[in-house]
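Asks: sharing a sequence plus its predicted fold:
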Amino acid sequence: MQVTVRRATAEDAPTLARLRWRFGAERGRQGDDQASFVDFFTAWTLDHLATHLPFLVEVDGRPAGMAWLVLADRVPSPRLPDRRTGDVQSVYVVPELRDAGVGQALLDAVLAEARNRELEFVTVHSSDRAVPFYLRRGFRDTPTWLEWRP
(Lines give C-alpha, C1' and ligand atoms only; values in the text may rest on other atoms or scores of the structure.)
Protein backbone atom coordinates (compact mmCIF):
# COMPACT_ATOMS: atom_id res chain seq x y z
CA MET A 1 0.00 0.00 0.00
CA GLN A 2 1.54 3.29 -1.13
CA VAL A 3 0.30 6.32 0.84
CA THR A 4 0.95 9.79 -0.58
CA VAL A 5 -0.09 13.03 1.10
CA ARG A 6 0.16 16.36 -0.65
CA ARG A 7 -1.23 19.85 -0.57
CA ALA A 8 -4.28 19.76 -2.74
CA THR A 9 -4.51 22.15 -5.67
CA ALA A 10 -7.36 23.97 -7.35
CA GLU A 11 -7.62 21.03 -9.77
CA ASP A 12 -8.31 18.73 -6.80
CA ALA A 13 -11.32 20.75 -5.62
CA PRO A 14 -13.95 18.43 -7.20
CA THR A 15 -12.23 15.40 -5.61
CA LEU A 16 -12.26 17.15 -2.23
CA ALA A 17 -15.93 17.95 -2.74
CA ARG A 18 -16.76 14.31 -3.41
CA LEU A 19 -14.82 13.26 -0.29
CA ARG A 20 -16.71 15.87 1.72
CA TRP A 21 -20.00 14.54 0.32
CA ARG A 22 -19.04 11.00 1.37
CA PHE A 23 -18.07 12.30 4.83
CA GLY A 24 -21.52 13.90 5.16
CA ALA A 25 -23.26 10.77 3.89
CA GLU A 26 -21.60 8.69 6.62
CA ARG A 27 -22.99 11.06 9.21
CA GLY A 28 -26.41 11.30 7.57
CA ARG A 29 -25.85 15.00 6.83
CA GLN A 30 -25.84 15.40 3.10
CA GLY A 31 -28.51 16.77 0.84
CA ASP A 32 -30.10 15.26 -2.21
CA ASP A 33 -28.12 16.96 -4.99
CA GLN A 34 -24.52 15.82 -5.07
CA ALA A 35 -23.73 17.56 -8.37
CA SER A 36 -24.82 20.96 -7.03
CA PHE A 37 -22.84 20.40 -3.85
CA VAL A 38 -19.70 19.49 -5.82
CA ASP A 39 -20.08 22.69 -7.87
CA PHE A 40 -20.63 24.81 -4.77
CA PHE A 41 -17.80 23.20 -2.79
CA THR A 42 -15.42 23.50 -5.71
CA ALA A 43 -16.13 27.24 -6.02
CA TRP A 44 -15.87 27.65 -2.24
CA THR A 45 -12.52 25.90 -2.21
CA LEU A 46 -11.14 28.14 -4.92
CA ASP A 47 -12.36 31.24 -3.05
CA HIS A 48 -10.73 30.14 0.23
CA LEU A 49 -7.33 28.74 -0.81
CA ALA A 50 -5.49 31.64 0.84
CA THR A 51 -6.79 30.75 4.31
CA HIS A 52 -7.97 27.13 4.06
CA LEU A 53 -5.13 24.84 3.01
CA PRO A 54 -6.44 21.50 1.72
CA PHE A 55 -4.49 18.26 1.92
CA LEU A 56 -5.28 15.15 -0.06
CA VAL A 57 -4.15 11.65 0.83
CA GLU A 58 -4.02 9.04 -1.90
CA VAL A 59 -3.51 5.32 -1.50
CA ASP A 60 -2.17 3.52 -4.53
CA GLY A 61 -3.04 6.59 -6.61
CA ARG A 62 -6.69 6.81 -5.50
CA PRO A 63 -8.19 9.55 -3.26
CA ALA A 64 -8.46 8.18 0.27
CA GLY A 65 -8.98 11.22 2.48
CA MET A 66 -8.54 14.89 3.12
CA ALA A 67 -7.86 17.46 5.81
CA TRP A 68 -7.80 21.24 5.96
CA LEU A 69 -5.52 23.60 7.86
CA VAL A 70 -7.33 26.88 8.42
CA LEU A 71 -5.00 29.82 9.02
CA ALA A 72 -5.90 32.76 11.22
CA ASP A 73 -4.05 35.89 12.29
CA ARG A 74 -4.42 36.78 15.96
CA VAL A 75 -4.21 40.30 17.31
CA PRO A 76 -0.52 41.27 17.63
CA SER A 77 1.04 41.76 21.03
CA PRO A 78 4.15 43.81 21.87
CA ARG A 79 6.13 40.64 22.56
CA LEU A 80 4.69 38.59 19.67
CA PRO A 81 3.67 40.79 16.75
CA ASP A 82 3.11 37.81 14.42
CA ARG A 83 0.56 35.55 16.10
CA ARG A 84 -0.72 33.09 13.53
CA THR A 85 -2.71 30.02 14.50
CA GLY A 86 -4.27 27.09 12.73
CA ASP A 87 -7.33 24.93 13.04
CA VAL A 88 -7.51 21.42 11.62
CA GLN A 89 -10.88 20.81 9.97
CA SER A 90 -12.77 18.18 8.04
CA VAL A 91 -10.29 15.37 8.52
CA TYR A 92 -11.66 12.38 6.67
CA VAL A 93 -10.33 8.98 5.66
CA VAL A 94 -12.50 6.55 3.72
CA PRO A 95 -13.80 3.82 6.07
CA GLU A 96 -12.04 0.94 4.37
CA LEU A 97 -8.63 2.54 5.07
CA ARG A 98 -9.10 3.65 8.65
CA ASP A 99 -6.72 2.29 11.27
CA ALA A 100 -4.12 1.58 8.58
CA GLY A 101 -1.88 4.64 9.14
CA VAL A 102 -3.52 6.74 6.42
CA GLY A 103 -4.95 9.27 8.88
CA GLN A 104 -1.64 9.49 10.69
CA ALA A 105 0.20 10.28 7.45
CA LEU A 106 -2.44 12.89 6.60
CA LEU A 107 -2.28 14.63 9.97
CA ASP A 108 1.53 14.48 10.01
CA ALA A 109 1.56 16.43 6.74
CA VAL A 110 -0.88 19.02 8.10
CA LEU A 111 1.17 19.48 11.28
CA ALA A 112 4.41 19.72 9.28
CA GLU A 113 2.82 22.60 7.36
CA ALA A 114 1.83 24.22 10.67
CA ARG A 115 5.42 23.92 11.94
CA ASN A 116 6.83 25.32 8.68
CA ARG A 117 4.51 28.30 9.01
CA GLU A 118 5.56 28.72 12.67
CA LEU A 119 1.98 28.78 13.90
CA GLU A 120 1.58 29.69 17.56
CA PHE A 121 -0.80 26.78 18.11
CA VAL A 122 -3.15 24.48 16.24
CA THR A 123 -6.60 23.41 17.39
CA VAL A 124 -8.96 20.67 16.30
CA HIS A 125 -12.62 20.02 17.02
CA SER A 126 -12.94 16.25 17.12
CA SER A 127 -15.51 13.51 17.27
CA ASP A 128 -15.35 11.44 20.44
CA ARG A 129 -14.04 8.48 18.42
CA ALA A 130 -11.07 10.46 17.09
CA VAL A 131 -9.95 12.14 20.35
CA PRO A 132 -7.44 9.37 21.18
CA PHE A 133 -6.00 9.69 17.67
CA TYR A 134 -5.33 13.41 18.16
CA LEU A 135 -3.93 12.89 21.65
CA ARG A 136 -1.46 10.35 20.23
CA ARG A 137 -0.37 12.92 17.64
CA GLY A 138 0.49 15.50 20.33
CA PHE A 139 -2.73 17.45 20.85
CA ARG A 140 -3.67 18.14 24.47
CA ASP A 141 -7.01 18.44 26.13
CA THR A 142 -6.86 21.92 27.62
CA PRO A 143 -9.25 23.63 30.04
CA THR A 144 -8.58 27.05 28.49
CA TRP A 145 -10.41 26.34 25.23
CA LEU A 146 -14.03 27.41 25.64
CA GLU A 147 -16.88 27.34 23.18
CA TRP A 148 -19.98 29.47 22.82
CA ARG A 149 -22.88 28.73 20.52
CA PRO A 150 -25.86 31.01 19.95
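Replies: Yes, it's here. Values in this document were obtained by computation on a predicted structure and should not be read as measured data.

Asks: run through the bridge partners of residue 122.
Replies: In this entry, residue 122 is beta-bridged to residue 86, by DSSP bridges.

Asks: contacts only, for it.
Replies: Counting by C-beta atoms under 8 Å, 6 or more residues apart in numbering, residue 122 makes contact with 69, 85, 86, 87, 88, 111, 114, 139. In short, each C-beta sits where N, CA and C put it, glycine included.

Asks: that one and residue 140, how far apart?
Replies: 11 Å (C-beta to C-beta, to the nearest Å).

Asks: turn the contacts of residue 122 into CSV, columns for neighbour count.
Replies: As requested, the contacts of residue 122 are exported to CSV (neighbours: other C-beta atoms under 10 Å):
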residue, neighbour count
69, 22
85, 16
86, 22
87, 17
88, 23
111, 19
114, 21
139, 18
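
Asks: now do the longest strand along the chain, average pLDDT.
Replies: In the chain, assigned by DSSP state E, the strand with the most residues is strand 62-73. Strand 62-73 carries an average pLDDT of 97.

Asks: equivalent analysis for stretch 10-24, please.
Replies: Mean pLDDT, computed over stretch 10-24, is 95.

Asks: give me the contacts around it.
Replies: 8, 30, 34, 37-38, 40-42, 45-46, 49, 54, 56, 63, 65-66, 90, 92, 94.

Asks: buried set for that stretch?
Replies: Neighbour counts over stretch 10-24 (16 or more other C-beta atoms under 10 Å) mark 12, 13, 15, 16, 17, 18, 19, 20, 21, 22, 23 as buried.
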